[in-house]
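Undergrad: structure here, sequence nowhere to be found:
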């Protein structure tokens, strides 16, 4: 429900404290902390960036513990990939959408008009801010209980660890296995305004005459995209699985 410059919380359907209890299994003490957690910086005043920072740290710690206990035989590299998948912006945004967090975010007029309550980065940040608020309001054990409630069911749906390697790593390992020189990456162009740049990167495996182009919102993202395309070419060339 929209009003003025903010997205109004759905208080007519369920109060914030009830929503926190029903969704996260947490009974809050200081509601103002959670109101801040759901306030984007575009509104002005107290917003959720500091809480997001705190929530991110707690989330990484607790998910590391969950994975350590859930996968007792997994080496460090696999645990790291599992955690990166669980706490990725994509994963957190999906989880936030499932609990309708966007409908409770308070946004400034500009973000509201551009559909900010559906933007993945805002949803992911808001989710982490909620976790930070739980930590401040109830302590580490309370935050850990909330994180376990939200993430434990997702552990059984994690793909095989080998599938979670990023494209650059997979491409590098495939080439090294056959003693082929590593790929070269080069930024070909950077387009757009400073706050919304688009990078265009070339990936070239000279020895195999493979050349691909990727783009993304950061150099790393563009490199990963170009590496993914190069890996697809390599798979076709070498009939890799």
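TA: Sure, I can see it. Every value quoted in this text rests on a predicted model; they were computed, and no experiment measured them.
Undergrad: quick check, central residue of the protein?
TA: residue 89 (1.1 Å; CA atoms, centre = their mean).
Undergrad: for that residue, what are its contacts?
TA: With contacts defined as CB atoms under 8 Å, 6 or more residues apart in numbering, the neighbours of residue 89 are 120, 121, 124. Using the backbone N, CA and C atoms, a C-beta is placed for each residue, glycine as well.
Undergrad: what's the answer for residue 56, then?
TA: Counting by CB under 8 Å, 6+ apart, residue 56 touches 87, 128, 132.
Undergrad: and the contacts of residue 89, which is closest to residue 95?
TA: For the contacts of residue 89, the closest approach to residue 95 (CB to CB) belongs to residue 124, at 8.6 Å.
Undergrad: mind listing what's buried in the host helix or strand of the closest one?
TA: For residue 124, the enclosing helix or strand under DSSP states H and E is helix 120-138. When neighbours are counted by 16 or more other CB atoms under 10 Å, the buried residues of helix 120-138 are found to be 122-138.
Undergrad: could you measure from residue 55 over to residue 130?
TA: Look at residue 55 and residue 130: by CB to CB, to the nearest Å, they are 7 Å apart.
Undergrad: please apply the same query to residue 67.
TA: Computed as CB to CB, the residue 67 to residue 130 distance reads 21 Å.
Undergrad: check what pLDDT the residue nearest to the centre of the chain gets.
TA: pLDDT, the model's per-residue confidence, is 90 for residue 89.
Undergrad: cool, and residue 225?
TA: Among the per-residue scores, residue 225 shows a pLDDT of 94.
Undergrad: not counting sequence-adjacent ones, nearest residue to it?
TA: In space, and not counting its chain neighbours, residue 225 is closest to residue 214: 3.0 Å by CB to CB, 6 or more residues apart in numbering.
Undergrad: surely that neighbour forms part of a helix?
TA: No: assigned with DSSP: H, G, I helix; E, B strand; the rest coil, residue 214 falls outside any helix and is strand.
Undergrad: tally of neighbours for it?
TA: Residue 214 has 21 neighbouring residues, counting by other CB atoms under 10 Å.
Undergrad: OK, contacts around it?
TA: Per CB under 8 Å, 6+ apart, neighbours of residue 214: 200, 201, 203, 221, 222, 223, 224, 225, 226, 227, 228, 229.
Undergrad: what subset of those residues is buried?
TA: Buried positions within the contacts of residue 214, assessed by neighbour count (16+ other CB under 10 Å), are 200, 201, 203, 222, 223, 224, 225, 226, 227, 228, 229.
Undergrad: closest one of the residues you listed to residue 146?
TA: So of the buried ones among the contacts of residue 214, ranked by how close each gets to residue 146 (CB to CB), first place is residue 224, at 31.2 Å.
Undergrad: helices or strands up against the helix or strand encompassing that closest one?
TA: Element membership of residue 224 [criterion: DSSP H and E] is helix 219-238. Where contact means 3 or more CB pairs under 8 Å, 6 or more residues apart in numbering; DSSP states H and E, helix 219-238 is packed against helix 167-177, strand 184-191, strand 198-205, strand 210-216.
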